[in-house]
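A.B. asks: fold the following.
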Amino acid sequence: MSRRQQIAIWAALTVLFLLLLSALSGVLLPFVAAMALAYFLDPLADRLERTGMSRTLATTVITATLFLLTLLVLLLLLPLLSGQLANFIARLPGYIDSFRERILPIIQELAAHYDIPLRIDVKAALGTYAADAMKVFGQVLSQLLGGGQAVLGVVSLLVVTPVVAFYLLRDWDRMIDLIDQNLPRDHAEVIRQQARAIDQVLAGFVRGQTLVCVALGSFYAIGLSLIGLDFGLVIGLGAGLISFIPYVGTIVGFVTAMIVALVQFWGDWTWVAVTAVVFGIGQFIEGNFLTPKLVGERVGLHPVWVMFGLFAGGALFGFVGMLIAVPVCAVIGVLTRFTLARYRESALFTGQASAQQGDAAEHHGQAKGE
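C.D. replies: Take a look at the predicted model:
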């Protein structure tokens, strides 16, 4: 089989896979989540195996522990979170109105002081932006929380995902060996090298970034709650969770916390500053300790590339697309670096083939002249 035929077959299989992914995206969430859990926990299962446990026993211990921890967290935090979230949603329009009424005089005073003409109705503009933001927020919540499909999705995550994750984690090494045995023999070693590089990137980013998000969310939630900020637990945990998207989580959490702090502590600027300090300390800890230690600087995934992949995956395949976006970004990044390395070794980059062809033509012309 020629190289061109091989490329055509693999391209056709890739297109077929993407079409199936798009068609089945509505039912893939528990299975993708289970695969992510199995991948995340496989090193722990390997470590337990090295202590003498069987793979099945190690998987059972990990699954049971994870289930109990999740249940404990839900029992402790869910009532408090649900109450705070409901109150936050109910009071959000009031916060936005209060923020607008208090910020508007400052904007008008600054404009008058520096003789800046206001060519738009600031009050109307702020009201329009607030209404639009509330409309989008309501639509997102209705899509996430409303309808039988959302309920079915939550049930599948709670019931199907642990079962599938158990079997995937138990058979993970066996599946990897099966895939390895069916690699194209001519390219098996190259594929193994690229797979190891992809695993290194994913291990460094996904596992590390997950721990960073948990640590940041915990720090923000505890810090904002200790200073008495309204809905500090929800805002802090939300900021940590969204921190999986570089910079976005911190910006959204900071802006939300500052709006609430300005409304709640208006006139007492010390506590407004303390709210900003909490996020400043969190960013200092993340930039100097968490990210360098847990993620590392050699994962090869640029934040802009990660953000583009997450938004593109979400636009194409919904929440499932966001789950697989980072692995896909890692695969594309590794394969792009591999392709560039091959390109730099090829005659297309060095131009050696053109020089050799020129020399050959010159020698042929001299021989013909003789």
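A.B. asks: mind listing what's buried along the helix or strand hosting residue 177?
C.D. replies: Following DSSP states H and E, one finds residue 177 within helix 172-181. Using 16 or more other CB atoms under 10 Å as the test for burial, helix 172-181 gives residue 172. Yep, even glycine has a C-beta here, placed from its N, CA and C like the rest.
A.B. asks: from the chain's centre, how far out does it sit?
C.D. replies: Helix 172-181 sits 27 Å away from the centroid of its parent chain (CA atoms, centre = their mean, to the nearest Å).
A.B. asks: show me what it is packed up against.
C.D. replies: Counting contacts by 3 or more CB pairs under 8 Å, 6 or more residues apart in numbering; DSSP states H and E, helix 172-181 packs against helix 29-50.
A.B. asks: helix/strand/coil for residue 245?
C.D. replies: Here residue 245 is recorded as coil under DSSP: H, G, I helix; E, B strand; the rest coil.
A.B. asks: heads up, I number from 820, so please use that
C.D. replies: Noted, 820 is the first residue going forward, which turns the last one into residue 1064.
A.B. asks: if you average pLDDT over the helix holding residue 996, what comes out?
C.D. replies: For helix 991-1000, the mean per-residue pLDDT is 90.
A.B. asks: after that helix, which helix or strand is next?
C.D. replies: Sequence order places helix 1007-1021 as the next helix or strand after helix 991-1000, per DSSP H and E.
A.B. asks: show me what that next one is packed against.
C.D. replies: Applying 3+ CB pairs under 8 Å, 6+ apart, we find helix 1007-1021 packed against helix 1122-1164.
A.B. asks: which parts of the stretch 970-1119 of the chain are helices?
C.D. replies: For the stretch 970-1119 of the chain, applying DSSP state H, counting those that start in this stretch gives helices covering 991-1000, 1007-1021, 1027-1045, 1051-1061, 1067-1083, 1088-1104.
A.B. asks: out of those helices, the one nearest residue 828 is which?
C.D. replies: Proximity to residue 828 (CB to CB) singles out helix 1007-1021 among those, at 15.3 Å.
A.B. asks: starting at the chain centroid, how far to that closest one?
C.D. replies: Between the centre of helix 1007-1021 and the centre of its chain there are 21 Å (CA atoms, centre = their mean).
A.B. asks: okay, the angle between that helix and helix 848-869?
C.D. replies: Orientation note: helix 1007-1021 sits at an angle of 100 degrees relative to helix 848-869 (axes from the mean of the first three to the mean of the last three CA atoms, to 10 degrees).
A.B. asks: hey, C-alpha coordinates of helix 1007-1021 in CSV?
C.D. replies: Extracted C-alpha coordinates of helix 1007-1021, given in CSV (Å, rounded to 0.1, in the frame of the first residue of the first chain):
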residue,chain,number,x,y,z
ALA,A,1007,5.0,1.7,15.8
GLU,A,1008,8.0,3.2,17.4
VAL,A,1009,7.4,6.7,16.2
ILE,A,1010,3.8,6.5,17.3
ARG,A,1011,4.9,5.2,20.8
GLN,A,1012,7.3,8.2,21.1
GLN,A,1013,4.6,10.7,20.2
ALA,A,1014,2.1,8.9,22.6
ARG,A,1015,4.7,9.3,25.4
ALA,A,1016,5.1,13.0,24.6
ILE,A,1017,1.3,13.5,24.5
ASP,A,1018,1.0,11.7,27.9
GLN,A,1019,3.7,13.9,29.4
VAL,A,1020,1.9,17.0,28.2
LEU,A,1021,-1.5,15.8,29.5
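A.B. asks: so residue 1038 touches residue 1102, yeah?
C.D. replies: No. The criterion here is CB atoms under 8 Å, and residue 1038 misses it with residue 1102 at 10.4 Å.
A.B. asks: what do those two both touch?
C.D. replies: Residues touching both residue 1038 and residue 1102 (CB atoms under 8 Å, 6 or more residues apart in numbering): none.
A.B. asks: list the contacts for residue 1106?
C.D. replies: Residues near residue 1106 by CB under 8 Å, 6+ apart: none.
A.B. asks: apart from its neighbours in sequence, what residue is nearest the residue nearest to the spatial centre of the chain?
C.D. replies: Centroid check for the chain by CA atoms, centre = their mean gives residue 1063 as the closest residue, at 4.3 Å. Excluding the flanking residues, the one nearest residue 1063 by CB to CB, 6 or more residues apart in numbering is residue 1032, at 5.3 Å.
A.B. asks: against residue 1125, how distant is that neighbour?
C.D. replies: Residue 1032 is 13 Å from residue 1125, where distance means CB to CB, to the nearest Å.
A.B. asks: likewise for residue 1071?
C.D. replies: Using CB to CB, one gets 16 Å for the distance from residue 1071 to residue 1125.
A.B. asks: what about the two, which has more around it?
C.D. replies: Ranked by neighbour count (other CB atoms under 10 Å), residue 1071 and residue 1125 place residue 1125 first, with 21 against 16.
A.B. asks: would you mind measuring from the more buried one to residue 1063?
C.D. replies: Going from residue 1125 to residue 1063 by CB to CB gives 9 Å.
A.B. asks: longest single helix anywhere in the chain?
C.D. replies: The longest helix of the chain (DSSP state H) is helix 874-932.
A.B. asks: tell me what that helix is packed against?
C.D. replies: For helix 874-932, the helices and strands in contact under the criterion 3+ CB pairs under 8 Å, 6+ apart are helix 848-869, helix 941-964, helix 966-989, helix 1051-1061, helix 1067-1083.
A.B. asks: average pLDDT for that helix?
C.D. replies: For helix 874-932, the mean pLDDT works out to 78.
A.B. asks: related to what we said a few turns ago, who has more neighbours, residue 1038 and residue 1102?
C.D. replies: Shown here are residue 1038 and residue 1102; by other CB under 10 Å, residue 1038 has more neighbours (20 against 14).
A.B. asks: what's near enough to touch the more buried one?
C.D. replies: Contact analysis of residue 1038 by CB under 8 Å, 6+ apart lists 1055, 1059, 1100, 1101, 1104.
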